[in-house]
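Student: Compute the structure for the input listed below.
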Amino acid sequence: MLQRSLRRPRLRQPRRLKRMPPRPPRAAQAPPKEKKPEKEAAAAEEDDEEQDPRAYFENRCKTIFADGLERSPFYPHKFNVTMSVRSYIEKFNEMQPGEHRESEIVSLGGRIMSKRASGAKLYFFDLWDDGTRLQIMADARAFHGDFDTCMAQLRRGDIVGVTGYPGKSRRGELSIFPSEIRILSPCLRMMPR
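Tutor: Coordinates of the predicted model:
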């Protein structure tokens, strides 16, 4: 009995796999799929966040000052803000989920601290002002102007002016639904996470 337990167990030999014959070369390969513009913009933003800070500064300056000044000037002389983010939250917090007040137009100002895309025609931003956060729910259907160009120009850290109507998302988060977003001061340096 003792001798049996001291013996080494027998190891099974691995099964040998049959080699598959090599595949014949394809006659004609399909052309590579073209990227959609919204996917290209999202990929460019991800690349911006991961690159060297000096390269980020140079690319951002080229983007902002090359074609931006011809369409809509940055650093405007004045942007009328009707209320702060804190007073906006106090005034409209009692709204029900999914409710919108399209008759009330408000203007807010603050810094964009995050940008999230939900498809090509819907973007979410976090607007911070005086330590208070508010969600911007930018929908192409309610936006006046060139939606795609505006969304492509906006980056994390930009100080913006938002004009739109108050409402709550279906999940119950208080938001502003913009008809216009204006870059008041673009952030040229990479923001820390």
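
Student: For residue 150, which non-adjacent residue is closest in space?
Tutor: Spatial nearest neighbour of residue 150, chain neighbours left out: residue 181 (5.8 Å); criterion: C-beta to C-beta, 6 or more residues apart in numbering. Heads up, the C-betas are built off the backbone N, CA and C, glycines and all.

Student: shouldn't the one you found be in contact with residue 154?
Tutor: Yes: counting by C-beta atoms under 8 Å, residue 154 is a contact partner of residue 181 at 6.8 Å.

Student: list residues touching both of those two?
Tutor: The contact sets of residue 181 and residue 154 overlap at residue 160 (C-beta atoms under 8 Å, 6 or more residues apart in numbering).

Student: who has more neighbours, these two?
Tutor: Applying other C-beta atoms under 10 Å to residue 181 and residue 154 shows that residue 181 carries more neighbours, namely 25 against 21.

Student: And that one, how close does it get to residue 58?
Tutor: 25 Å (C-beta to C-beta, to the nearest Å).

Student: and residue 152, what helix or strand is that in?
Tutor: helix 147-153 (DSSP states H and E).

Student: May I have that helix exported as CSV, CA atoms only?
Tutor: Extracted in CSV, the C-alpha atoms of helix 147-153 (Å, rounded to 0.1, in the frame of the first residue of the first chain):
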residue,chain,number,x,y,z
PHE,A,147,-24.4,71.0,-35.0
ASP,A,148,-21.6,68.8,-36.2
THR,A,149,-19.0,71.6,-36.5
CYS,A,150,-19.9,72.9,-33.0
MET,A,151,-19.6,69.5,-31.4
ALA,A,152,-16.3,68.9,-33.1
GLN,A,153,-14.9,72.1,-31.8
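
Student: neighbouring contacts of stretch 52-70?
Tutor: 48, 51, 74, 153, 155, 183, 186, 187, 188, 189, 190.
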